[in-house]
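> need coordinates for the below:
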Amino acid sequence: MCYITVIGAGSWGTTLAYLLSEKGYDVSLWAHEEDLAEEIKRTRINSIYLPDINLPENIKISHRLDEVVAKARYVLNVVPSQHARSVFKEALSYMPDEAVIISASKGIERGTLLTVSSILKELSDRHLAVLSGPSFAKEVIKKMPTAVTLATGDKDRGLILQEVFNTNHFRVYTHDDMLGVEIGGALKNVVAIASGISDGLGLGHNARAALITRGLAEMKRLGLAMGAKKETFSGLSGLGDLVLTCTGPLSRNYTLGTKLAQGMKLTDILSQTKTVAEGVATAESAYELSKKYNIEMPIVEQVYQVLYKDKGPAAAVNDLMHRTLKAEFYG
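Sure thing, here's the model as predicted:
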């Protein structure tokens, strides 16, 4: 029997647990909150994150890490990136040495400026993979067609994991650029906040298209400086995820941007929901990375200014439009 543990019972973690359980795997789902874990066990419904879905009985629910990872062959990380280090410091002490960790979190850790796979590399020498791409949980769980990327440094292990996750409606492609896949997954959330601001201000489709295109240029610029592969950003985890997150109202980051444009304060927006908009923390980390690598990232900078320096969204747009003129492709 192949034991798979999903760490994180948000909408994406719950969806992936559901997908894997339908393939016949022995799946455990870890929830940080004890009361949520007990509620899901009792009702088979995750009322906070996926209230319309009944979870199969073959998904074991627990809030105890030692219970869910002790026999795991594959451990899927779906906790918010800012909590990955603390959760896995504990989880690794119970995890079998041969366990493979697959990270599906999209963010960059504050302070260290590390992607989640880099955090996990610091904590352990276990084999790692990254799962990312344009994939709203509510559409995946309804079995609407979705394509994602699974990146790992071991080609043979990548082919095995491809088969583990692939279904008739969830198509998995392999890749070998874990860093690039993670940078795309993290940075698209920051650009999505900008896109939400643009739409919230009523700036139109032209402005949104410009933000997506120039946001991709910023993602690629940073990724190349950090050692990622150029072609990664043209793929599902780059352009694909960026387009989805910048245009879909199911995106938490896009929605947060629209609310900022409407005059709401960040603290008020965050207090009204239990879901995590990863772009908020990542905006700060990405801004710091742009300074570290001496790279121009004007969209990231303006989102950072709006989130952390109380800059007005309209003023941020004005500053973007009045930057010094230059060639489209440079540097």
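> return the residues in contact with the residue positioned nearest the centre of the chain.
Nearest to the geometric centre of the chain sits residue 106, at 2.4 Å (Cα atoms, centre = their mean). Contacts for residue 106 were tallied using Cβ atoms under 8 Å, 6 or more residues apart in numbering; they are 81, 132, 182, 185, 186, 188, 189, 278, 282. Bear in mind the C-beta positions are built from the backbone N, C-alpha and C, glycine included.
> ok, and the closest non-adjacent residue to the third one?
Spelled out, that is residue 182. In space, and not counting its chain neighbours, residue 182 is closest to residue 115: 4.0 Å by Cβ to Cβ, 6 or more residues apart in numbering.
> backbone dihedrals for the closest residue to residue 122 other than its chain neighbours, please?
Sequence neighbours aside, residue 114 is the residue nearest to residue 122 in space, at 7.3 Å (criterion: Cβ to Cβ, 6+ apart). The phi and psi values for residue 114, taken as degrees, to the nearest 10, are phi -100, psi 140.
> with pLDDT as added columns, please give the contacts of residue 106 in CSV.
As requested, these are arranged in CSV below (pLDDT from 0 to 100):
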residue, pLDDT
81, 95
132, 98
182, 98
185, 98
186, 98
188, 97
189, 97
278, 93
282, 97
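> just the strands from the stretch 51-200 of the chain, written as ranges.
59-62, 74-77, 100-103, 128-132, 146-151, 170-175 (DSSP state E, counting those that start in this stretch).
> point out where the stretch 151-300 of the chain drops to low pLDDT.
Along the stretch 151-300 of the chain, no part satisfies pLDDT under 70.
> in it, which spans are helices?
Using DSSP state H, counting those that start in this stretch, the helices of the stretch 151-300 of the chain run over residues 155-165, 178-200, 204-226, 241-247, 252-261, 266-271, 278-292, 298-308.
> what is the fourth one packed up against?
What that stands for is helix 241-247. The helices and strands touching helix 241-247, judged by 3 or more Cβ pairs under 8 Å, 6 or more residues apart in numbering; DSSP states H and E, are helix 178-200, helix 204-226, helix 252-261.
> neighbouring contacts of that helix?
Counting by Cβ under 8 Å, 6+ apart, 132-136, 184-185, 188-189, 191-192, 195, 208, 211-212, 215-216, 219, 251, 253-254 sit against helix 241-247.
> which among the contacts of residue 106 end up buried?
In the contacts of residue 106, burial by neighbour count holds for 81, 132, 182, 185, 186, 188, 189, 278, 282, counting by 16 or more other Cβ atoms under 10 Å.
> now the helices of the stretch 151-300 of the chain in JSON lines, with distance to residue 330?
Supplementary listing: these in JSON lines, determined by distance: least, Cβ to Cβ, whole Å:
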{"stretch": "helix 155-165", "distance to residue 330": "35"}
{"stretch": "helix 178-200", "distance to residue 330": "19"}
{"stretch": "helix 204-226", "distance to residue 330": "10"}
{"stretch": "helix 241-247", "distance to residue 330": "21"}
{"stretch": "helix 252-261", "distance to residue 330": "27"}
{"stretch": "helix 266-271", "distance to residue 330": "33"}
{"stretch": "helix 278-292", "distance to residue 330": "16"}
{"stretch": "helix 298-308", "distance to residue 330": "13"}
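> mean neighbour count, those helices: which tops it?
helix 178-200 (a mean of 29; mean count of other Cβ atoms under 10 Å).
> and that one, how far from the chain's centre?
Offset of helix 178-200 from its chain centre (Cα atoms, centre = their mean, to the nearest Å): 9 Å.
> between it and helix 204-226, how big is the angle?
Here helix 178-200 runs at 160 degrees with respect to helix 204-226, directions being taken by axes from the mean of the first three to the mean of the last three Cα atoms, to 10 degrees.
> for residue 91, which of the strands of the stretch 51-200 of the chain is the nearest?
strand 74-77 (7.1 Å; Cβ to Cβ).
> list the buried residues for that closest one?
74, 75, 76, 77.
> pick out the most distant pair among those residues.
74 and 77, at 10.5 Å, using Cβ to Cβ across those.
> quick check: neighbours shared by those two?
Joint contacts of residue 74 and residue 77 (Cβ under 8 Å, 6+ apart) are 101, 102.
> neighbours around the spatially closest residue to residue 98 that is not a sequence neighbour, how many?
Distance criterion Cβ to Cβ, 6+ apart; nearest residue to residue 98, sequence neighbours excluded, is residue 73 at 7.3 Å. Residues lying near residue 73 (other Cβ atoms under 10 Å) number 16.
> got the contact list for residue 73?
With Cβ under 8 Å, 6+ apart, residue 73 has these contacts: 2, 3, 4, 96, 98, 99, 100.
> mind checking how far the fifth one is from residue 75?
For residue 98, the distance to residue 75 equals 11 Å [Cβ to Cβ, to the nearest Å].
> do the same with the last one
The gap separating residue 100 from residue 75 is 7 Å, by Cβ to Cβ.
> repeat that for the third one.
The spacing between residue 4 and residue 75, counted by Cβ to Cβ, is 8 Å.
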